[in-house]
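J.: With the input below, show me the fold.
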Amino acid sequence: MIQRKRLFEILERGMPGDTASVVVDYGIISVIVLNIGAVIISSFNDLPALLKQGLSIFEYISIAIFTLEYGLRVWTAPYKYPGRRFAYLRYIVSFMAMIDLCAILPFYLPFIVGVDLRILRILRLFRLLRILKLNRYNNAVELMAKVFTGEKEKILTTVFMTGLMLLLASSVMYYIENTAQPDKFPNIIATLWWAVATLTTVGYGDVYPITHIGKVLSGVIALLGIGLVALPAGIISSGFIKAISREEQAAKEESLQEKPPEAKRVCPHCGKEIE
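T.: Numbering: from 1, shown residues only. As a prediction, the model looks like this:
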């Protein structure tokens, strides 16, 4: 029988040379990727009955695998948080454990409580959260969290500026265009849609000004949007570069610490150390 500690090592990210752990990692990754494909395929109408049956069977198999994985990870939690009290609770409330739970909970909810079919269709969308389980084998989500945490003040500042610009543009455009187009600009909240489409330079064309002053204002807002919307992207890109540089520097320092010191070279004639 596999010991709990060994089971914990197998469930964690595979280390070089640990064949069982690597096989489990690639197996879970394959099931996650196939699940995303199944969600996409199931969105098509008029699927063959055999294919629908196959997708249904695959869903049951996936739920069984993910449920077993979740249960085993909870069971081996004391090895993830050694020496800490309430290790099981610490794991259950962790980010990845919540993702694991959200990936399987929508399947069991209809059996536990009565759920309306419309709500059930929405709950099925939670299956897409299974893709976040890949973060256990890839640090992408963790890296994004570090970037947003490190640059949160700058990002919040740009978000505030963008929101203020949207509110001002919507308010001014409402008073300019309401008389000419009461159906298109009935109130400031409805005008906010035009402001978003213009400030982001998307320009769907469903709502647009027809007065001369409105057109001038629309052009100004569009030009301001080019720089204002690009500002958060620049901040996030800069944060990613800093985070990646820090990780590379940390890895380099760690490798230097683990590298054994070079043997001293000694002159075979006089016995002195050679510089």
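
J.: all strands for the stretch 101-250 of the chain, in order.
T.: Taking DSSP state E, counting those that start in this stretch as the criterion, the stretch 101-250 of the chain contains no strands.

J.: now the helices for it?
T.: Secondary structure of the stretch 101-250 of the chain by DSSP state H, counting those that start in this stretch: the helices cover 117-124, 140-150, 152-177, 188-199, 212-258.

J.: counting contacts, what elements does the fourth one pack onto?
T.: With contacts defined as 3 or more C-beta pairs under 8 Å, 6 or more residues apart in numbering; DSSP states H and E, helix 188-199 has these neighbours: helix 152-177, helix 212-258. Just so you know, the C-beta spots here come from the backbone N, C-alpha and C atoms, and that holds for glycine as well.

J.: which SS class is the residue nearest to E12 when sequence neighbours are not counted?
T.: Nearest non-adjacent residue to E12, counting by C-beta to C-beta, 6 or more residues apart in numbering: S21, 6.8 Å away. Classification of S21 using DSSP: H, G, I helix; E, B strand; the rest coil returns helix.

J.: sorry, back to before: dump the helices and strands packed on helix 188-199 to JSON lines, plus distance to P78 and mean pLDDT.
T.: Shown next, in JSON lines, are these (distance: least, C-beta to C-beta, whole Å; pLDDT from 0 to 100):
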{"stretch": "helix 152-177", "distance to P78": "33", "mean pLDDT": "89"}
{"stretch": "helix 212-258", "distance to P78": "27", "mean pLDDT": "83"}
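
J.: ok, and which of those has the densest surroundings?
T.: Highest mean neighbour count of the helices and strands packed on helix 188-199: helix 152-177, a mean of 16 (counted as mean count of other C-beta atoms under 10 Å).

J.: Leaving out chain neighbours, which residue sits closest to S238?
T.: Nearest non-adjacent residue to S238, counting by C-beta to C-beta, 6+ apart: E151, 7.6 Å away.

J.: coming back round to it: got a markdown table for the helices of the stretch 101-250 of the chain, with distance to L11 too?
T.: Shown next, in a markdown table, are these (distance: least, C-beta to C-beta, whole Å):
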| stretch | distance to L11 |
| --- | --- |
| helix 117-124 | 27 |
| helix 140-150 | 18 |
| helix 152-177 | 32 |
| helix 188-199 | 44 |
| helix 212-258 | 24 |
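
J.: ok so, going back, and the helices and strands packed on helix 188-199: which comes nearest G17?
T.: G17 lies closest to helix 212-258 among the helices and strands packed on helix 188-199, at 16.9 Å (C-beta to C-beta).

J.: and F111, what does it touch?
T.: By C-beta atoms under 8 Å, 6 or more residues apart in numbering, the contact set of F111 is empty.

J.: Could you check how far it is from V24?
T.: With the distance defined as C-beta to C-beta, to the nearest Å, F111 ends up 28 Å from V24.

J.: One more: D183?
T.: From D183 over to V24 the distance is 60 Å, taken as C-beta to C-beta.

J.: And these two? Which one has more around it.
T.: Per other C-beta atoms under 10 Å, whichever of D183 and V24 has more neighbours is V24, with 18 against 7.

J.: Lowest mean pLDDT among the helices and strands, pick that one out for the chain.
T.: Using mean pLDDT, DSSP states H and E, helix 117-124 stands out as the lowest-scoring helix or strand of the chain, at a mean of 59.

J.: pLDDT weak spots in the stretch 1-150 of the chain?
T.: 1-2, 14, 114-127, 129, 136-141 (pLDDT under 70).

J.: 80 instead, please
T.: Counting by pLDDT under 80, the stretch 1-150 of the chain shows low-confidence ranges at 1-2, 13-17, 83-85, 106, 109-145.

J.: on that earlier part again, out of the helices of the stretch 101-250 of the chain, which comes closest to V33?
T.: Short answer: helix 140-150, nearest of these by C-beta to C-beta, at 14.6 Å.

J.: quick one, the closest one and helix 212-258 angle?
T.: Counting by axes from the mean of the first three to the mean of the last three C-alpha atoms, to 10 degrees, helix 140-150 lies at 110 degrees to helix 212-258.
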